[in-house]
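>>> Give me a 3D structure for the following:
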Amino acid sequence: MKQAEVTLIDPDRIKRNPDNPRLIFHAEDMLALQQSIAEQGILVPLTVYLDGATYRLLDGERRWRCAIKLGMRKLPVIVQAKPERIANIMMMFAIHNARKDWDPLPTALKLEELEREFEKRNGKRPTEKQLAGLASLSRGEVRRLKQLLALPVEYRDELLKELEKPRAEQKVTVDHVLEARNAAASLRTRAVVDEAGEERLRRALVNKFRSGVLTDTVEPRKLRRLARAVERQEVPLQDAQRIVTQLIREPRYTVEDAFRESVEQIDFEHNLTTLVERVSHLLDVHAERRFQPSSATKASLRSLAERITRFLREG
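Coordinates of the predicted model:
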C-alpha cells in the first residue's frame, strides 16, 4: 500500500500506541478539539501501522479519542509499515518534538524505555548526545528529563495524579518539584542537611507550593545562594542548619523569610563588591588605553565618588 494513500477505517479497529509518551489528555483541550471535529470533520488523517488485525496509532490519538466520543464510524488514516520497537519509540519522540504541550514526566518515563531499548540492541547505554538524537531532543531537555527520572517514585506518582486534574486545579508542577529537589541537594552538598534532612526539606518545599505558601516557582533557588554562603564561610553552618530546620518544621515559614534571616545582606554585598571590582577594572583599562574621558563619564564618576564618600561616612 502506498505510504501517502488515505484509507477509511473503523475507529474500533484502531488502538493506541503503547510507546506514546503522552499519557494525560486534559479535558478542556479535548473538548475544544471535539467541537472542532464535530463542525469540520477530521482535516488531517491519522497515521497508523498494521499490527496483526489491529491498527496502531503513530499520530492522532487525540483525534481518534474525540472521533469515538462523537460516534464516528470511519476515520481517514495513512497506513505505514510496522516499525521496530526502537524505531516506534523514536517516531513517537519525533512527533513529541513538534507538540510542545506534551507533559514532561510521561515523556521522561518513555525516554527511559528508549534508553533500555538502545542498550538491548547495542549492549551499552547511549551517551547523552546519542539519546538526544534518538529522541529528537536537545541535550538540555534530556538532562532535565533525567532529573525527573531521578526523583523518588512517590514524587513521580504524585505528579502523574496532579497531571490528571484540569490545569486550573493543579497545585504542584514538575518545575516545583525540580526546584525543591535542586535546592535541597545543594544544601546537602554543603552538609547543611543529611540525606534524611534533604528529603524532609524537599517534601516541605513541595507542601508549601501545594498550600500556596510558596507562589514563585524559582523561590527555592535562594536556598542555593544560602548553600554557597555556607561554603564561603559567610554564614555559620549552625545558623544555616537552624534556619533550614525552621523551614522544614514551620508550614508558614517561607524561603524568602529564610533568605532575609541568613544571607540577604551578604548576598547583596557580594554583588556590590563584584560591581565595584568591575568598575575598578574598567577604570584601569581606560587608563591603559589612554582614553580621554567624556564630560558625561566624568560627571558620573564624580557623582559616584560623592555617593561612596557619603556611604562610608554614614556607615
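
>>> neighbours around the residue nearest to residue 214 when sequence neighbours are not counted, how many?
The shortest distance from residue 214 to any non-neighbouring residue, by Cβ to Cβ, 6 or more residues apart in numbering, is to residue 208 (4.3 Å). All C-beta atoms are positioned from the backbone trio N, CA, C, and that covers glycine. Residues lying near residue 208 (other Cβ atoms under 10 Å) number 23.

>>> Residue 192 versus residue 208, what's the distance?
18 Å (Cβ to Cβ, to the nearest Å).

>>> about what we covered before: whichever strand or helix holds the residue nearest to residue 214: which residues count as buried?
Using DSSP states H and E, the element containing residue 208 is helix 195-211. By neighbour count with 16 or more other Cβ atoms under 10 Å, helix 195-211 contains the buried residues 197, 198, 200, 201, 202, 203, 204, 205, 206, 208, 209.

>>> Next: stretch 186-194.
Buried-residue list, stretch 186-194, by 16+ other Cβ under 10 Å: 186, 187, 188, 190, 192, 193.

>>> Alpha carbons of it, in PDB - could you do that?
The C-alpha trace of stretch 186-194 is given here as PDB (Å, rounded to 0.1, in the frame of the first residue of the first chain):
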ATOM      1  CA  SER A 186      22.700  22.000  47.200                       C
ATOM      2  CA  LEU A 187      22.300  22.200  50.900                       C
ATOM      3  CA  ARG A 188      23.100  18.600  51.400                       C
ATOM      4  CA  THR A 189      26.300  19.000  49.300                       C
ATOM      5  CA  ARG A 190      27.400  21.700  51.800                       C
ATOM      6  CA  ALA A 191      26.500  19.400  54.800                       C
ATOM      7  CA  VAL A 192      23.700  21.700  55.900                       C
ATOM      8  CA  VAL A 193      21.400  18.700  55.900                       C
ATOM      9  CA  ASP A 194      22.000  15.000  55.800                       C
END
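
>>> Quick one: distance of it to the chain centre.
23 Å (Cα atoms, centre = their mean, to the nearest Å).

>>> Residues contacting that stretch, please?
184, 195, 197-198, 200-201, 223-224, 226-228, 230-231, 237, 240-241, 244 (Cβ atoms under 8 Å, 6 or more residues apart in numbering).

>>> returning to what we had before: ok, the residue nearest to residue 214 to residue 86 distance?
In terms of Cβ to Cβ, residue 208 sits 41 Å off from residue 86.

>>> and if you look at residue 155?
28 Å.

>>> more crowded one of those two?
Comparing residue 155 with residue 86 by other Cβ under 10 Å, the one with more neighbours is residue 155, at 21 against 18.

>>> how close does the more buried one sit to residue 296?
For residue 155, the distance to residue 296 - Cβ to Cβ - is 55 Å.

>>> got it, and residue 210?
52 Å.

>>> next structured bit after the helix or strand encompassing residue 162?
Under the criterion of DSSP H and E, residue 162 resides in helix 153-163. Next helix or strand after helix 153-163 toward the C-terminus (DSSP H and E): helix 174-189.

>>> these two touch, right, residue 54 and residue 13?
Yes. Contact status for residue 54 versus residue 13: in contact at 6.5 Å, counting by Cβ atoms under 8 Å.

>>> overlap in contacts of those two?
Common neighbours of residue 54 and residue 13 (Cβ under 8 Å, 6+ apart) do not exist.

>>> Run through who's touching the helix ranked longest in the chain.
Taking DSSP state H as the criterion, the chain has its longest helix at helix 264-288. Helix 264-288 has contacts (Cβ under 8 Å, 6+ apart) with 225, 229, 234, 235, 259, 293, 304.
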